[in-house]
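Novice: show me how the following folds:
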Amino acid sequence: MGKYRYILFLKYFLLFFSQSGFSQSVILTASGQEEVLGRMNHLRDVDGTMDFVQVRSQRFEPLTPADRSPSYGFDRTAHWFQFELTNTSTIEDWLLEIPYAPLDQIDLYVEPDSGSVWLHKTGGDIFPIADRDLPHRHPIFNVHIGPDQTRQVYLRVQTISSVQMPVILWASEKFYQAAYRTQIVNGFFYGAMLVMALYQLFLFASIRDRTTLYYVLTLVSMANVIAFFQGYTFLFLHPSQPTLNDDFAALSGPVFVLCSALLTRSFLNVRQFSRVLDGLLVANTLLNLVAGILMVFFMRQISYKYLHLFVLTHCLIVLASAGVCLYKKYRPALYYLIAWVTLLLAAVLFTLGNLGFVPGYLGTNYLGLMIGCILQVLLISFALGERWNILVRENQAAKELELRRGQEEKERLEREVKLRTEEIRHQKEKLEDLNRVKDKLFSVVTHDIRGPLTSLKLSLALTKLGKIKQEEFREIATETEDHLDKTTNFIQNLLHWAKFQLQGESVRPAQLELCPMITETLALLEIELRQKAITVHHEVDDGIHLYADPIMIQSVFRNLLNNAIKFSPAGGSIMIKGKRATEEVMIQITDTGSGIPPSHQAKIFTLESLTTPGTDNETGTGLGLVLCKEFIEKNKGKIWFETIENKGTTFYITLPQYKSEPKLV
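Specialist: Numbers count the residues shown, from 1 in each chain. Sure, this is the predicted structure:
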């Protein structure tokens, strides 16, 4: 046996020097596991036309120890790998595993024990799972090598996916033990993803929040991406339909980008915080979807690397969006940012491995990617919880605000109803007062107008019949004329009052000189003054000018002086004073009459004071004082009185003084 080992060693020592490209031999030991990392030689068949015989005569380039697991990115040319196996154990049947599921076609050539016919086997994801030596998610080949034997092994790989060639030799028992442990880890991962997805789906059914639905879709699409690269999709979903692998490869990444983009836009409300980032997110997602759909129809013309680049760009945009939202004080963005940082680190390492920028064994190690996904799931769950808390608080605040607004509206309506009720009550009282005034006014009108007319008619009838003497006619005519004058004055006041009440009296203020207005009014009342022998004194400063409506003020003076004459005894006197104040003029009209009884004082400026007799039983209506108050107040003035019973009454008036640029509000 020792001699045989020596001859075998010498044989392959010479073979090593005859083909200087061969690397060191891979020693199979009793440990039952050996990774062929950094101990292979490589040859690129650019045209993909060389057969195995031609390849054996070519010079292979040895891979350095840094190339522990060859990775050439998305290179669609044929790649040949060669290495040597030396079995120093008693185990004869070994399993050669290539733990990278997306490889299209792998050809294995193993040197025979004797003769010239090499063992040739074919695998990859373009063949059904049933065609494999072992129905496993990874390509696995049975290799027989006896104890103390050395075999040359060639592998040919051609694929549209990333070219990676991690090779592990297993003893059967060791392989199943490792596979069992791996399945437990993967089971925990997919179980956690499933439980979280179902939990979030249950929440969505309860709260109908579309962000939660987007989160569920993101979880499922993320798990699908990892399941595809680990070979579980092929193994469990379509083991006899390998053509679907290309469709899953083309669409898994874009679907994940779409779902996570919807989640990001909805969760962070990116459009509100940054329209630029929102536009970039939408544009990157649309381009990724278009590329994925095109790959379904033109799989051999478009490289997978574009999909990987879109995924990297997507992660960076999401990170930037979360950072901007956090900077603008959106608290849930903190968890979201950390979640995508962990996933981005794992995705970057995985993608760089597929692109050939880092060693392949880093790209085919899914543990980091799964850890990143689990951390993302947990952190986004925290972010969703924080978001829900914010929404609950905002909803509670909105409800409280709505309740407060409802209460305020209720109180406002109650105040409005109370105010309207009070207005209606006042209107009712006013209407009742007006109704009483109307009845009283009609009574006065009937008496004060019909009386003189009846007297005039009787006088005319007696005159017509010639039954009245000339002296008697003069007496009757004088009395009738007096009644007609009072009736005319009453009708004039009544018309003014009716017009004021029904349609309002428009005020047309102008410059008025006080002294001439009083003189003119006294001239109109000269007959009445002479009949009662009343003396008028006036102390009105010269040059006093008012700013008021001349017709209204003339009516006020006429009514007040008429009342002063009416209630003054024969031989009495009337005093008129006028003086300037700061911005107004004060006017006083004082008589020496009987005064106003206390019972009448409260109603002196209302229609309740109608038909008050004078000192000589002069008839009147009291309507003139009502007009005086309304006209004075309409001109922004005031009117009031002071009275002493049996001594006289003084009426006070204030009116605006005329200025160069008068201002009436």
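
Novice: how about the nearest residue to R210, chain neighbours excluded?
Specialist: Nearest non-adjacent residue to R210, counting by CB to CB, 6 or more residues apart in numbering: S266, 6.2 Å away. Glycine gets a C-beta too; all of them are placed from N, C-alpha and C.

Novice: which ones are touching the closest residue in space to P242 that isn't next to it in sequence?
Specialist: Residue nearest to P242 in three dimensions, not counting chain neighbours: I126, with 5.2 Å by CB to CB, 6+ apart. Residues near I126 by CB atoms under 8 Å, 6 or more residues apart in numbering: D104, Q105, P242, T243, N245.

Novice: now do R156
Specialist: R156 is in contact with D45, F52, V55, A78, H79, W80, F81, I106, D107, Y109, counting by CB under 8 Å, 6+ apart.

Novice: surely L561 is in contact with E526?
Specialist: No: at 11.0 Å, L561 does not count as touching E526 under the criterion of CB atoms under 8 Å.

Novice: who has more neighbours, the two?
Specialist: Per other CB atoms under 10 Å, whichever of L561 and E526 has more neighbours is L561, with 24 against 10.

Novice: the more buried one belongs to a strand, doesn't it?
Specialist: No: L561 is assigned helix when assessed by DSSP: H, G, I helix; E, B strand; the rest coil, not a strand.

Novice: picking up where we left off before, closest to H538 out of the contacts of R156?
Specialist: Closest to H538 out of the contacts of R156 is H79 (128.9 Å), distances taken as CB to CB.

Novice: helices or strands next to whichever strand or helix holds that closest one in the packing?
Specialist: According to DSSP states H and E, H79 maps onto strand 78-87. Other helices and strands packing on strand 78-87, by 3 or more CB pairs under 8 Å, 6 or more residues apart in numbering; DSSP states H and E, are strand 26-28, strand 41-45, strand 150-158.

Novice: where does the stretch 501-650 of the chain dip in pLDDT?
Specialist: 501-506, 607-623 (pLDDT under 70).

Novice: could I get the contacting residues of the closest residue to G572 other than its chain neighbours?
Specialist: In space, not counting the residues next to it along the chain, G572 is nearest to T592; the distance is 4.5 Å by CB to CB, 6+ apart. Neighbouring residues of T592 by CB under 8 Å, 6+ apart: S568, P569, G572, S573, I574, K647, G648.

Novice: repeat that for 10 Å
Specialist: 534-535, 564, 567-569, 571-575, 646-649 (CB atoms under 10 Å, 6 or more residues apart in numbering).

Novice: which among those residues count as buried?
Specialist: I534, A564, F567, S568, P569, G572, S573, I574, M575, G648, T649 (16 or more other CB atoms under 10 Å).

Novice: so what are the domain limits for this structure?
Specialist: 2-177, 186-390, 505-656 (automatic domain parsing).

Novice: now those domains as CSV including distance to Q427?
Specialist: Output for the domains of the chain, formatted as CSV (distance: least, CB to CB, whole Å):
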stretch, distance to Q427
domain 2-177, 89
domain 186-390, 53
domain 505-656, 17
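
Novice: out of these, which is the most enclosed?
Specialist: Across the domains of the chain, the average number of neighbours (mean count of other CB atoms under 10 Å) peaks for domain 186-390, which reaches a mean of 19.

Novice: and the strands in the stretch 451-600 of the chain?
Specialist: Along the stretch 451-600 of the chain, counting by DSSP state E, counting those that start in this stretch, strands occupy 510-513, 535-540, 545-548, 573-580, 584-591.

Novice: out of those, which gets nearest to T122?
Specialist: Per CB to CB, nearest to T122 of the strands of the stretch 451-600 of the chain: strand 545-548, 115.2 Å.

Novice: which one of the buried ones among the contacts of T592 is nearest I140?
Specialist: Closest approach to I140 among the buried ones among the contacts of T592 (CB to CB): T649, at 127.3 Å.

Novice: now that the closest one has come up, it's in contact with S568, right?
Specialist: Yes: with contacts counted by CB atoms under 10 Å, T649 reaches S568, the gap being 9.5 Å.

Novice: shared neighbours of those two, anything?
Specialist: D591, T592, G593, S594.

Novice: make JSON lines from those and add distance to I553 to it.
Specialist: Conversion of those to JSON lines gives the following (distance: CB to CB, whole Å):
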{"residue": "D591", "distance to I553": "20"}
{"residue": "T592", "distance to I553": "25"}
{"residue": "G593", "distance to I553": "23"}
{"residue": "S594", "distance to I553": "27"}
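
Novice: partners of the helix or strand that W640 is a member of in the sheet?
Specialist: Assigned by DSSP H and E, W640 falls within strand 638-644. Sheet pairing for strand 638-644, assigned by DSSP bridges, gives strand 648-656 (antiparallel).

Novice: quick one: the partner strand to strand 573-580, angle?
Specialist: Angle, strand 648-656 to strand 573-580, by axes from the mean of the first three to the mean of the last three CA atoms, to 10 degrees: 20 degrees.

Novice: to which secondary structure element type does the residue nearest to D209 when sequence neighbours are not counted belong?
Specialist: Closest residue to D209 apart from its sequence neighbours, by CB to CB, 6+ apart: L203 at 7.6 Å. Secondary structure for L203, judged by three-state DSSP, is helix.
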